[in-house]
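**Q** output the structure for:
(one chain, ligands or ions: 1)
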Amino acid sequence: MSEIIKTEAVVLGKINYSDSSLIVSLFTRNNGLISAIIKGGRNPKSKLASVVDVLNHIQIVMYKKESRDIQIISSADLISHYPKIKSKIELSGYAFAVCELVKNLLVENESNELIFNGVIRILSLIENETEHPAVLFGRFLMFFIKEIGYEINLETCELCSSELKPDVGVNYFFSNGFICDKCSKEKGNNHSELFNYLFCLKNRKKINSYSEKLFVNGIQFLINYLKSHIESFKGLNSLSML
Ligand SMILES: [Zn+2]
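**A** Numbers count the residues shown, from 1 in each chain. Got it, this is the predicted structure:
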């Protein structure tokens, strides 16, 4: 038996299926990650396919069967289609990176409302360009890493547990994590700037210094951190332009 489900969703990706249909990957509020088929979706006149398009925030009605890998969407309404993100390549790269993270690192059919709300929020902030898109993506990445259980310790030294503070020397070693200056024997390996930046991302503080290089380094650091914790994670194709 299939049940009829109404839920919000973000369209993460789509592929062609047969001569006429599409298979879409959706992150839904109530059912987490799912795949669904849009029959006749390759027809340019398909109204359903124009709503269930990549990066759109939509409301769907679907027939869901636990035993089935691919669900059937019966109708969809548009909530937002983020026109600015789609028209600017520097914005769409980061929006697609958000989709890629969700698609690659969340488990299918498990709802996570906190992350769903985070995705909707970050897409709307990127759309409205409230900050540099790399900073917005960095904030999301920090939040996402915490929510999937790999929170980075920015509070205390991993070796002596003394409090880490912005603007005081901090070092990072992949084998240890962030450690205070006293514990660090190696000279010239100071990560204070990176630490301060991550501290601002995590604590939702304003970013005062404008350095695109730092924003990119921050993202690369967080991606490498994730790679070191999750073997199957190979990075984000959407950010290959960085
Ligand atoms: Zn220490």
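**Q** the ion contacts on this protein?
**A** C157, L159, C160, C180, C183 (C-beta under 5 Å from the ion). Quick note: C-beta positions are derived from backbone N, CA and C, even for glycine.
**Q** restricted to buried residues, select those in ChimeraX.
**A** Buried residues among these (16 or more other C-beta atoms under 10 Å), as a ChimeraX selection:
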select :157,180
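**Q** in strands, which of the residues of the chain next to the ion fall?
**A** Members of the residues of the chain next to the ion lying in strands (criterion: DSSP state E): C180.
**Q** in its sheet, what does the biggest strand by length in the chain sit against?
**A** For the chain, the longest strand by residue count, based on DSSP E, is strand 3-17. The strands that strand 3-17 pairs with in its sheet are strand 21-28 (antiparallel), strand 57-64 (antiparallel) (by DSSP bridges).
**Q** return the per-residue confidence for the most centrally placed residue in the chain.
**A** For the chain, the residue nearest the mean C-alpha position is V98 (3.0 Å; C-alpha atoms, centre = their mean). Looking at V98, its pLDDT is 98.
**Q** and I145, by the same measure?
**A** For I145, the model assigns a pLDDT of 97.
**Q** same check on R204?
**A** 89.
**Q** I figured S92 was touching V98, is that so?
**A** No. Between S92 and V98 there is no contact under C-beta atoms under 8 Å: 10.5 Å.
**Q** past the helix or strand hosting E100, which element shows up next along the chain?
**A** Using DSSP states H and E, E100 sits in helix 89-105. Going down the chain from helix 89-105, the next helix or strand is helix 113-127, by DSSP H and E.
**Q** check which residues of that following helix are buried.
**A** Applying 16+ other C-beta under 10 Å to helix 113-127 flags I115, F116, G118, V119, I120, I122, L123, L125, I126, E127 as buried.
**Q** for the lowest-mean-pLDDT helix or strand in the chain, C-alpha coordinates in PDB please.
**A** Least confident helix or strand of the chain, by mean pLDDT, DSSP states H and E, is strand 170-173 with a mean of 86. C-alpha atoms of strand 170-173 as PDB (Å, rounded to 0.1, in the frame of the first residue of the first chain):
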ATOM      1  CA  VAL A 170      46.400  29.000  18.000                       C
ATOM      2  CA  ASN A 171      47.800  26.100  15.900                       C
ATOM      3  CA  TYR A 172      46.200  23.300  14.000                       C
ATOM      4  CA  PHE A 173      47.400  19.800  13.400                       C
END
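**Q** which residues touch it?
**A** For strand 170-173, contacts defined as C-beta atoms under 8 Å, 6 or more residues apart in numbering pick out 164, 178-181, 184, 186, 189-192, 194-195.
**Q** before we move on, back to that, tell me which of the strands paired with strand 3-17 is the most buried.
**A** Ranked by mean neighbour count under mean count of other C-beta atoms under 10 Å, these are led by strand 21-28, which reaches a mean of 22.
**Q** show me what the next helix or strand after that strand is packed against.
**A** Downstream of strand 21-28, the next assigned helix or strand under DSSP H and E is strand 32-38. On a contact count with 3 or more C-beta pairs under 8 Å, 6 or more residues apart in numbering; DSSP states H and E, strand 32-38 meets strand 21-28, strand 57-64, strand 70-80.
**Q** redo those as TSV? Include mean pLDDT and distance to S2.
**A** Below are those laid out as TSV (pLDDT from 0 to 100; distance: least, C-beta to C-beta, whole Å):
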stretch	mean pLDDT	distance to S2
strand 21-28	97	16
strand 57-64	95	4
strand 70-80	95	8
